[in-house]
Structure formats: structure tokens, C-alpha cells
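Student: this is a predicted model, with the sequence first.
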Amino acid sequence: MVFPAPTTDRQTFLEKIEARREAKYLKRVEQMSGWLPGWRNQSGRRKLVVAFLASLVLLLLSGIALIFALADILPYWVTLAWSAVSLLMIAVWTCLNITVDMIDSAPLSLLDEYQQDQILGLRALTYRCYTYFGLVFFVSLIFVGTYVMTEKPSWGSYIPYGFGIFGIVAFLFISTLPTVVYAWNLRDD
């Protein structure tokens, strides 16, 4: 079956979506171009990257403390650390994303050749990390779940919390790789 060639006078659905995405991105970058001028240099971005990665480590540690609090090993007020660290991480991530003009979510048509190569390579790295992490995560979930279901240890009820917290932190780490690596390597003009 032969399909007719698309006409050039009308935009396709995907072209309309891409045009809208480009317009929204340009508007957002224009709005935020004056924000955080003191952090828009290599030193400032690197400090934000370190702060973001430190907040992810703190998120993991506060998640472990949360599990111990649920098991009545630590006092219950320790669970507030998870919320506080989450808010800190969101603030640092937002600042980091602003300083690099949200380059990881930019439409490719708005990037130069060098930026396209970097972002596409980092997106491919993120995809590979998701693939490997997902494989290891789900296979280990099956094995640990099978053990817990057959042996019924007393600590078995905390397994979902542990996998959930580890999964969230790993997801956040992997999904932010393009921005973190780009921000770290971006030099001052």
C-alpha cells in the first residue's frame, strides 16, 4: 500500500507539539535568564552539583532512618528528616536546573551541534543506567520477595519500604545524570 506524502502547508500533530514545546521552552528560559546570576558560572554550578549529590546521599540516609523509625528502633520524630531533606533536594535541583537553562529538557532543534551530541549521549547513558538498574532491581526484588514469602522473617514487612526508598533515590540519581554531568562540565563563556 502506498501512502501519500505529507503536505507541507499543514503541520502534522507531532510538528505542532514540537513547535509548542519550543515556544514554551524559549519563554521559560527568557523568564529565568536573570535568576541566580551569581551561580551561573562553573564554580557556582559545581557547588550546586556537589550540594545536589550530597542531598541525594542525605535522602538515602534519612530513608534508612525512616525504616528504623518504622521498626521502632529509632524515635518516630526521625521520620521528619525525610521530608526536610526532600525539600532541600528539590530546592537545590531547581537552582541547578535554572543555572543550566533546563538544557536536559530542551528541544533538540534549539541546541547547537555540540550541545546535541552531549545531551543525546547523556540521555543514552541514562537509558542504559535505567535498563541495568531495572534489571538488577526487579530480579533482586523477586529473589528477596520469594525468600520473604517462604521464610516469613520478622523484618520482612520492611522490605517494601527499603526497596521503595532505594528505588526512589536511584531513580532520582539516574534521571538527573544529564543535567548533573552537563552542569559539571559546562565552562564559562
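Tutor: Nice, thanks for sending it over.

Student: surely residue 166 and residue 60 touch.
Tutor: Yes. Residue 166 is within contact range of residue 60, at 7.4 Å (criterion: C-beta atoms under 8 Å). Heads up, the C-betas are built off the backbone N, CA and C, glycines and all.

Student: higher neighbour count, those two?
Tutor: Between residue 166 and residue 60, counted using other C-beta atoms under 10 Å, residue 60 has the larger neighbour count: 18 against 15.

Student: nearest spatial neighbour of the more buried one, skipping sequence neighbours?
Tutor: Leaving aside its chain neighbours, residue 60 sits nearest to residue 169 (4.7 Å; criterion: C-beta to C-beta, 6 or more residues apart in numbering).

Student: SS state for that neighbour?
Tutor: helix (DSSP: H, G, I helix; E, B strand; the rest coil).

Student: quick one, helices of this structure?
Tutor: Per DSSP state H, the chain carries helices over the ranges 13-32, 42-70, 80-99, 113-151, 159-175, 177-185.

Student: identify whichever of those helices lies nearest to residue 106.
Tutor: helix 13-32 (5.7 Å; C-beta to C-beta).

Student: got the angle for the closest one vs helix 80-99?
Tutor: Using axes from the mean of the first three to the mean of the last three C-alpha atoms, to 10 degrees, the direction of helix 13-32 lies 100 degrees away from that of helix 80-99.

Student: in helix 13-32, which residues are buried?
Tutor: By neighbour count on 16 or more other C-beta atoms under 10 Å, the buried set for helix 13-32 is residue 25.
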